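Participant: fold the stuff below for me.
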Amino acid sequence: MRKDSIAGRLLGILVFLIGIAILVVVAIKAYGLFTASLNPVQAKGGDMTTALGASVVRLIYQILLLMVLCIAGSLVAARGLHLYFVAGGVSSPRFLPAPEEKDSIE
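Facilitator: Numbers count the residues shown, from 1 in each chain. Presented below is the predicted three-dimensional model:
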C-alpha cells in the first residue's frame, strides 16, 4: 500500500487553511469588538436598565461566540495538520518517548 498520497496531503492543507481562516475571522471580530466605541445609553428612565441589560447579554454572547469559534478553528487546523502528516506516511508526530524507551530512561 502506498503511504504517500498527494490528494491526502492537498486535503490536509485545505482543511488546515480553513481552520486558519476561521481563526483569522475570530481575530478580526475580536479586534472589532474591543475597538468599538462605547456609546452611552440614550434611553431615559426604566428603559435605560433594559437597554443596559440587553447590551451586557449581547456582549457576553459575542465573547462566548468568539471562544467557540476559536476552539473550532484550532481543532480544524489541527485536524488538517494531522491529515497532512498521515497522508505523507508519518503515522503520528512523536513528542514523547515510546513507553519502552521511557522505562529504560528511568
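Participant: shaky segments in this structure?
Facilitator: Scanning the chain for pLDDT under 70 picks out 1-3, 38-46, 90-106.
Participant: ranges for the helices of it?
Facilitator: Using DSSP state H, the helices assigned to the chain run over residues 6-34, 46-87, 99-105.
Participant: what does stretch 65-75 rub up against?
Facilitator: In this structure, residues lying in contact with stretch 65-75 by CB atoms under 8 Å, 6 or more residues apart in numbering are 19-23, 25-26, 29-30, 33. C-beta coordinates here come from the backbone N, C-alpha and C atoms, glycine included.
Participant: can we see that at 7 Å?
Facilitator: Residues from elsewhere that reach stretch 65-75, judged by CB atoms under 7 Å, 6 or more residues apart in numbering: 19, 22-23, 25-26, 29-30.
Participant: spatially nearest residue to Ala7 (excluding sequence neighbours)?
Facilitator: The shortest distance from Ala7 to any residue that is not its chain neighbour, by CB to CB, 6 or more residues apart in numbering, is 7.6 Å, and that residue is Ala87.
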